[in-house]
Structure formats: C-alpha cells, structure tokens
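*Asks:* Sequence first, then the predicted structure, then my questions.
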Amino acid sequence: MKPVTRTKLTESIIKAIMEYVNSQNLKVGDRLPSERDLSKALKVSRPLLREAIRVMEGLNLIEVKPGSGIFIKNPLGPDFSYLVLHIDLQEKERLLETLKVRKVLEKLAIEETLKNIDPEKLSRLEKLLTTLEEAIRRGDSGLEEIWNYYSTIYQFSNNKFLFSFLDGLKNIYLSWIDPQENPVFAEKTYSYHRELFEAIKNKDLNKISLLIDRFYKIWQEEIEKRYR
C-alpha cells in the first residue's frame with residue numbers, strides 16, 4: 001500500500017484506499033484492514049482517515065459495521081474514470097449527506113482549477129456560460145449547457161480523481177437544477193453560474209467558498225421542503 005504524501009487532502013486518502021482495493025482485487029463484501037492498520041500503512045492520522053471513511057460511506061462506496069469492520073459496498077473503478085453510485089434519492093438523510101460530500105469535493109476541484117486558470121481557459125468558460133444563459137432565457141432546460149459549463153470547470157482542475165467523483169454525482173445535481181422539475185430552485189440559483197465565473201476570473205477563493213455555501217444552503221432548503 002502506497003503512503004499518502006498530501007495528508008491535508010481527504011481525497012488523497014480516499015484515492016490511496018481505492019488503489020489498495022484494486023491492487024488487492026478486493027470485491028464487494030470484502031473487508032478492508034482495520035482503521036489502525038490503514039492509518040499506519042497510509043501514514044495518516046486517525047482523524048484524517050475517519051474523515052475519508054465518512055466521505056466514502058456518504059457516497060455509499062463502503063459500509064462501516066460497528067464491531068465488525070469496514071466493508072466494500074459498491075464497486076470502485078480502477079482508474080476513477082467512472083463511479084457507479086447507488087444513492088437512494090428518495091431517502092432524505094442519504095441525499096443530504098451526499099450534498100455535504102459533493103460540496104467538499106466541488107470546493108476542492110475549483111481550488112485546484114484556480115491554480116491552472118489562464119486567459120484561454122477563462123474565454124472558453126465564458127463562452128460556455130453565455131450559451132448556458134441563452135438556453136435558459138429561451139425557455140430550454142439548459143441541462144446540457146449547465147453540465148458542459150461545470151464539467152469544464154472541474155476538468156480544469158487537472159484532477160482526474162475529483163472529476164470522477166463529481167461526474168458520478170452528475171445526475172443528482174441535474175435532477176435538482178432542472179427548471180422544469182424544480183422551477184423555484186432553478187430561479188433562485190440562476191445568478192450563481194455567472195457569479196461563480198466572476199469569482200474564478202478574479203481568483204477569489206473566499207468568494208467562491210461563500211457562493212458555494214449559499215448554493216448548497218438553497219439546495220438543502222429545497223430538499224427539506226420536499227420531504228416535509
């Protein structure tokens with residue numbers, strides 16, 4: 001098992017665990033090493049490891065059984081190019097937990113994107129944003145345009161691992177942002193797309209964090225209303 005070199009990032013720990021699972025040919029239902037053994041092998045603190053485990057459990061990839069151990073619950077892709085996530089969208093608590101995970105991953109991805117952004121990439125993003133806004137103004141759902149815009153932002157992170165997770169959560173995001181399915185949510189978050197672009201353009205990480213927090217707060221409120 002490879003030691004983790006960037007212990008400050010939860011994603012590095014998750015990636016190392018997934019690499020271990022694939023190198024050992026572990027399957028669904030197999031048990032992972034104990035928390036203590038994982039912590040020692042990866043050379044990370046127990047609190048950091050627990051956070052990574054919490055994220056993976058939130059994504060329904062693993063299951064922690066008290067007194068028994070940590071078990072693989074769903075397949076983990078060997079190259080992280082895709083993730084088959086089995087998240088019950090009808091279960092409120094599972095959906096809210098998934099939102100928390102997605103927010104963390106999105107912030108990480110955009111933080112990485114800021115390190116790579118340049119005038120050419122900004123120009124490409126602005127064109128995608130304009131296309132998105134035009135589609136919504138025409139009365140279209142704009143879902144394809146929305147995903148083209150955000151997936152490009154995530155791709156600019158040059159982090160295949162983060163992109164794979166966010167791409168795996170694509171359908172959850174689009175099902176809520178769809179103006180035909182959730183017109184109130186879509187209207188409340190319409191300005192977010194351009195505000196986020198401006199913050200990326202200005203490399204304003206604090207503003208980006210505030211915008212993302214606001215977006216997810218609105219999303220959470222809509223979920224709470226639906227599941228009353």
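*Replies:* Structure received. Numbering: from 1, shown residues only.

*Asks:* Show me where the chain dips below the pLDDT cut-off.
*Replies:* When residues are selected by pLDDT under 70, those of the chain lie in 1-9, 11, 76-90.

*Asks:* Can you spell out which helices and strands pack onto the helix of greatest length in the chain?
*Replies:* Here the longest helix in the chain is taken by residue count, with DSSP state H as the criterion, and it is helix 92-116. In terms of contact count using 3 or more CB pairs under 8 Å, 6 or more residues apart in numbering; DSSP states H and E, helix 92-116 is assigned the packing partners helix 10-23, helix 46-58, helix 143-155, helix 160-168, helix 170-177, helix 192-201, helix 205-226. (Glycine included, C-beta is placed from N, CA and C.)

*Asks:* Any buried residues in the third one, and which?
*Replies:* Taking 16 or more other CB atoms under 10 Å as the neighbour-count basis, helix 143-155 is seen to contain the buried residues 143, 145-147, 149-150, 152-155.

*Asks:* I'd like these laid out as JSON lines, including distance to residue 45.
*Replies:* Formatted as JSON lines, these follow (distance: CB to CB, whole Å):
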{"residue": "143", "distance to residue 45": "41"}
{"residue": "145", "distance to residue 45": "42"}
{"residue": "146", "distance to residue 45": "38"}
{"residue": "147", "distance to residue 45": "36"}
{"residue": "149", "distance to residue 45": "37"}
{"residue": "150", "distance to residue 45": "33"}
{"residue": "152", "distance to residue 45": "35"}
{"residue": "153", "distance to residue 45": "31"}
{"residue": "154", "distance to residue 45": "28"}
{"residue": "155", "distance to residue 45": "31"}
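
*Asks:* now, among these, which is nearest to residue 129?
*Replies:* residue 149 (5.8 Å; CB to CB).

*Asks:* Quick one: residues contacting that closest one.
*Replies:* 125, 128-129, 131-132, 193 (CB atoms under 8 Å, 6 or more residues apart in numbering).
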